[in-house]
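**Student:** fold the stuff below for me.
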Amino acid sequence: MSTQTDLLKILEENRGDPVSGEALAEELNLSRSAVWKAIKALRDKGYQIKSKTRQGYTLCKSNDILSAASIAPWLKDPAQAERLEVYPSLDSTNSLGKERALAGAPDGTVIIAESQTGGRGRMGRTFFSPGGSGIYLSMILRPGTAISQSLFITIAASVLIRQAIADVTGLEPEIKWVNDLYIKDKKICGILTEAAADFETGNIDYIVLGAGINFTEPKQGFPEELQPVAGALFKEAPNGQLRSRLAAELVNCLSRLTCIPEAGAVMADYRKHSMVIGKPVTILNGRETLEGVVSDINDAGHLILKKDDGTFQSIVSGEVSLRLR
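**Tutor:** Below is the predicted model:
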């Protein structure tokens, strides 16, 4: 690890309390001057670090930058910290995740970025990923199951992410089929699952499961084209550590996907928190546009649409939008 990373780990472990420069120098086997330079470099990156003569350096409780050191204390499995990579900025966490997966990264490897310059959503859309206001995360999964399980894994991810948000924030998002999360009709989370298959066996070689969560409203606001639909968990951050806690809980929950969960419980939870069951919708399914009321979502994750002509149709994929009655 780098000097800054080692230093930040110590400051995070003592967040809110001062650590003397002498103690830092001794623990890191550095000169006091090298410690000061590392502190300055962290401050230049935006870390809120106070210094006081005869007391030392204090990482402020209000500091709100994601790092491996800020996330690790909240992980339920300490070994997960060894599979955690956190970056100030990336083109796309999913793109790096695929690179890591092809290079043999183990099951459960997690990549998190403060911002993305080329964040991607479903159907080739871009995902707005400004710094300081979101959590952009990808996890590598190697479930060893049939490629047909990929839809269920995506659905299970939406259930687990919804639960992580509820547990940490007390908020209760709803799930829009297939895997977007909404609060008060505004999208607060998108999920993108990308998989590679072994064509000889028909099994999944790896999955890169990506999630982007709007934690707070960006300071510059959402782009005009996103304003009608984009929302955030909070208007402003409630405290400096809640974002790190949520990032850790996302890792805790999604780690359960390294083993495929029992379908019945997942689908029951998915239906319970669905925002489309019983609602009139329009579905863009390829070149076809369908309208009707969602009567159910079956255990395979297929949406069951009661069309306006009274017939039923099972929908495997498509873009759903709610419509006024």
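
**Student:** does residue 300 touch residue 151 like I think?
**Tutor:** Yes. With contact taken as CB atoms under 8 Å, residue 300 and residue 151 are classed as touching, separated by 7.4 Å. Placement of C-beta: from N, CA and C, glycine included.

**Student:** rounded mean pLDDT for stretch 36-53, please.
**Tutor:** Averaged across stretch 36-53, pLDDT comes to 94.

**Student:** stretch 188-199 too?
**Tutor:** 91.

**Student:** just how off-centre is it within its chain?
**Tutor:** Between the centre of stretch 188-199 and the centre of its host chain there is 13 Å, according to CA atoms, centre = their mean, to the nearest Å.

**Student:** got it, and stretch 97-106?
**Tutor:** 18 Å.

**Student:** then stretch 157-167?
**Tutor:** 10 Å.

**Student:** between residue 300 and residue 151, which one's more packed in?
**Tutor:** Neighbours were counted for residue 300 and for residue 151 using other CB atoms under 10 Å; residue 151 has more, 17 against 13.

**Student:** show me where pLDDT drops low in the stretch 151-300 of the chain?
**Tutor:** By pLDDT under 70, the weakly predicted segments of the stretch 151-300 of the chain are 240.

**Student:** show me the helices in it, by range?
**Tutor:** Remark: helices assigned in the stretch 151-300 of the chain by DSSP state H, counting those that start in this stretch are 242-254, 263-272.

**Student:** now the residue of the chain positioned farthest from its centre: how far from residue 265?
**Tutor:** Distance from the C-alpha centroid of the chain peaks at residue 54, with 40.7 Å (CA atoms, centre = their mean). As judged by CB to CB, to the nearest Å, residue 54 and residue 265 stand 56 Å apart.

**Student:** next one: residue 322
**Tutor:** 27 Å.

**Student:** show me which of the two is the more surrounded one.
**Tutor:** residue 322 (15 against 11).

**Student:** isn't the more buried one right next to residue 280, touching?
**Tutor:** Yes. Contact criterion CB under 8 Å: residue 322 and residue 280 qualify, at 7.2 Å.
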